[in-house]
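[1] what shape does this take:
(one chain, ligands or ions: 2)
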Amino acid sequence: MSPNETKSVTIENLEAAFAGESMANRKYLYFARRCRALGHDDVAKVFEATAEQETAHAFGHLELLYPSKDLSVERMLELAVEGETYEYTEMYPKFRHLAQQEGHDAAVKEMDEQIEESREHAEMFQAVLEKAAKRFDALSRVEERHAGHYQDALDKVRAKSNAAE
Ligand SMILES: [Fe+2]
Ligand SMILES: [Fe+2]
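    Ligands and ions are numbered 1, 2, ... in the order given. Sure thing, here's the model as predicted:
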């Protein structure tokens, strides 16, 4: 769904829940890394195990937001291009502007890097999408050709049996 479309409250809540669970997953992995650095492997393991459960929660929300039966490879690539494009054309430029106004130089630098990364991701996904589309095209042409061969063969058989009558 594009960011500007009107959404139901439940869809918005599922998106927020998905964001929260995803963040919990990354945060706990980050905490686990820090726990290990502090010599607390036992606590790190608790964070890591919980992080995995948060991923399962996030996937459950995703199944409702993007039912897997609706996800063709092309659709997923389109969604990825859409998301990354939104990031580098709208979200990060706005964040960068506001960071600059607040004089937060480190954040401005971070946003600049993210604009570049998101642009690269969008271009990469777009290229994969185009390649996949070409492959689908080629496949359907092969199928057409096969269908043509079958039709020729069928026509010949028919012509023969007509001649025999
Ligand atoms: Fe959770
Ligand atoms: Fe990205």
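[2] okay, and the helix or strand of this protein with the least pLDDT?
    Every helix and strand of the chain was ranked by mean pLDDT, DSSP states H and E. The lowest is helix 105-164, at a mean of 87.
[3] what about the residue in the chain that ligand 2 sits nearest to, how many neighbours?
    Of all residues in the chain, residue 121 sits closest to ligand 2, at 3.9 Å by Cβ to the ion. (Each C-beta comes from the backbone N, C-alpha and C, glycine too.) Using other Cβ atoms under 10 Å, the number of residues around residue 121 comes to 17.
[4] the closest residue to it other than its chain neighbours sits in which helix or strand?
    In this structure, residue 121 finds its nearest non-sequential neighbour in residue 84, 4.4 Å apart by Cβ to Cβ, 6 or more residues apart in numbering. Applying DSSP states H and E as the criterion places residue 84 in helix 73-86.
[5] quick one, that helix and helix 105-164 angle?
    Between helix 73-86 and helix 105-164, the angle comes out at 160 degrees (axes from the mean of the first three to the mean of the last three Cα atoms, to 10 degrees).
[6] and helix 73-86, what does it pack onto?
    Helix 73-86 sits against helix 105-164, with contacts defined as 3 or more Cβ pairs under 8 Å, 6 or more residues apart in numbering; DSSP states H and E.
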